[in-house]
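[1] build the 3D model from these lines:
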Amino acid sequence: MNRPRKGTFDVRRTITATACLMLAVTACGTTSQNSGKGGPATQAKCEGPGGKYVIGMSQANVAEPYRQRMDDDIRAAAAKVPQFEVKFADAAQDNAKQVSDVENFLTQQVNLLIISPNEATPLTAVVKKAYDKGIPVLVLDRKVDGDSYTSFIGADNRDIGRQAGKYVAEKLLPGGGKLVELKGLPGSTPAQERSEGFHETLGTKVQVVATGVGDWLREKGQQQLDAILKANPEVDVVYAHNDPMAEGAYLAAKAAGRESKIKFIGIDALPIPSGGVKAVEQGRISATFTYPTGGKEAIAAAKTLLVDCKQVEKKQTLPTQLITKENAERVYREANG
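    Just a heads-up that it's a prediction; the model follows:
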């Protein structure tokens with residue numbers, strides 16, 4: 001009987017282990033997503049086109065039209081991927097409920113988590129928990145703290161704020177004037193970044209006479225401006241962090257007989273009958289900025305991870321566009337085919 005020379009077995013074992021490591025991404029059926037900063041890798045169980053995958057979608061609040069559209073975009077995109085089943089949860093703007101929603105998805109052992117966090121800090125720990133468990137996590141639209149997630153998909157809110165500030169300073173109030181800012185939910189990153197960017201380019205001629213917090217909701221935007229106008233009857237522009245709050249502010253101004261003297265700016269530009277593009281076209285809002293939901297991009301990333309067994313970028317920045325009376329009708333028509 002021929003016996004291997006001393007040391008041969010150890011060499012073969014080392015070669016075999018090395019080969020398996022080199023082939024782990026493809027032959028071993030996983031795709032590794034590293035945080036890029038020394039954090040744990042996310043191992044997406046990839047069975048290729050023959051696999052079946054359950055995706056958990058944790059939504060901050062479907063009372064906002066933008067978030068309902070995001071869910072609709074995810075459904076439409078997922079319907080084109082036969083391997084996918086998507087389960088939805090609505091946190092109803094409640095941080096504790098959203099944490100519980102994600103925990104439930106982890107108990108159900110979903111293959112991938114998509115989350116649009118209500119607020120950043122309260123959702124950070126549970127997102128990290130999912131990521132550390134090896135579940136790919138796609139953070140959509142609103143950020144969490146740190147980088148314990150697979151990929152962030154969303155527009156540049158600070159840049160949108162800068163564009164809005166520049167539009168006010170150069171187009172609406174070049175000689176100066178009085179402005180009210182209606183902010184979104186304070187703990188959400190879009191609200192913070194849309195405000196910070198706005199003030200970077202607003203300049204010194206425009207006076208911010210009041211700010212209000214409308215929590216992204218139309219009725220709260222209306223309530224906030226109603227109270228503000230009673231204390232500040234002279235207002236030239238309202239900058240709202242989203243279109244529903246801008247529409248609510250318009251209603252408050254109309255009730256006070258001031259709607260023709262105040263210009264309104266929003267963000268989202270949903271191309272639906274009740275959305276911001278139509279509001280601009282019909283003259284209630286002076287301008288808005290497109291803010292893609294990222295729904296189809298999230299499903300595309302999920303397909304890359306789970307079906308194609310490939311990596312995705314840590315950050316995907318979606319484009320935005322200024323919508324005014326000059327291009328609103330065309331944008332709406334093109335968006336709806």
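
[2] how near is Gln59 to Lys303?
    According to CB to CB, to the nearest Å, Gln59 and Lys303 sit 20 Å apart. C-betas here are computed from N, CA, C, even on glycine.

[3] those two: who's more crowded?
    Higher neighbour count among Gln59 and Lys303: Gln59, with 25 against 21, using other CB atoms under 10 Å.

[4] and the more buried one, what is it in contact with?
    67, 70-71, 88-91, 116 (CB atoms under 8 Å, 6 or more residues apart in numbering).

[5] so where do the strands sit in the stretch 1-150 of the chain?
    30-33, 42-45, 53-59, 84-90, 112-115, 137-140 (DSSP state E, counting those that start in this stretch).

[6] now those strands in TSV, with mean pLDDT and distance to Val213?
    Listed next are those as TSV, based on pLDDT from 0 to 100; distance: least, CB to CB, whole Å:
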stretch	mean pLDDT	distance to Val213
strand 30-33	45	36
strand 42-45	56	35
strand 53-59	98	21
strand 84-90	98	22
strand 112-115	98	23
strand 137-140	98	23
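
[7] could you dump the ones you listed into CSV with distance to Arg194 added?
    CSV is the format used below for the strands of the stretch 1-150 of the chain (distance: least, CB to CB, whole Å):
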stretch, distance to Arg194
strand 30-33, 29
strand 42-45, 30
strand 53-59, 20
strand 84-90, 23
strand 112-115, 20
strand 137-140, 17
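
[8] do you know which of those lies nearest Ala328?
    strand 137-140 (26.0 Å; CB to CB).

[9] which elements pack onto that closest one?
    strand 112-115, helix 120-132, strand 151-155, helix 295-306 (3 or more CB pairs under 8 Å, 6 or more residues apart in numbering; DSSP states H and E).

[10] closest to Thr204 out of the strands of the stretch 1-150 of the chain?
    Closest among those, once you apply CB to CB, is strand 137-140, at 36.0 Å.

[11] can I get the closest one as PDB, trimmed to CA atoms?
    In PDB, the C-alpha atoms belonging to strand 137-140 read as follows (Å, rounded to 0.1, in the frame of the first residue of the first chain):
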ATOM      1  CA  VAL A 137     -30.600  45.100   4.400                       C
ATOM      2  CA  LEU A 138     -31.500  47.700   1.900                       C
ATOM      3  CA  VAL A 139     -32.200  51.100   3.600                       C
ATOM      4  CA  LEU A 140     -34.500  53.100   1.400                       C
END
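
[12] identify the residues contacting that strand?
    With CB under 8 Å, 6+ apart, strand 137-140 has contacts from 42, 70, 112-117, 127, 130-131, 148-154, 293-295, 298, 301-302.

[13] pull the number of nearby residues for Phe88.
    15.

[14] residues contacting it?
    Neighbour list for Phe88: 57, 59, 71, 74 [criterion: CB under 8 Å, 6+ apart].

[15] 7 Å - rerun?
    Phe88 is in contact with 57, 59, 71, counting by CB atoms under 7 Å, 6 or more residues apart in numbering.
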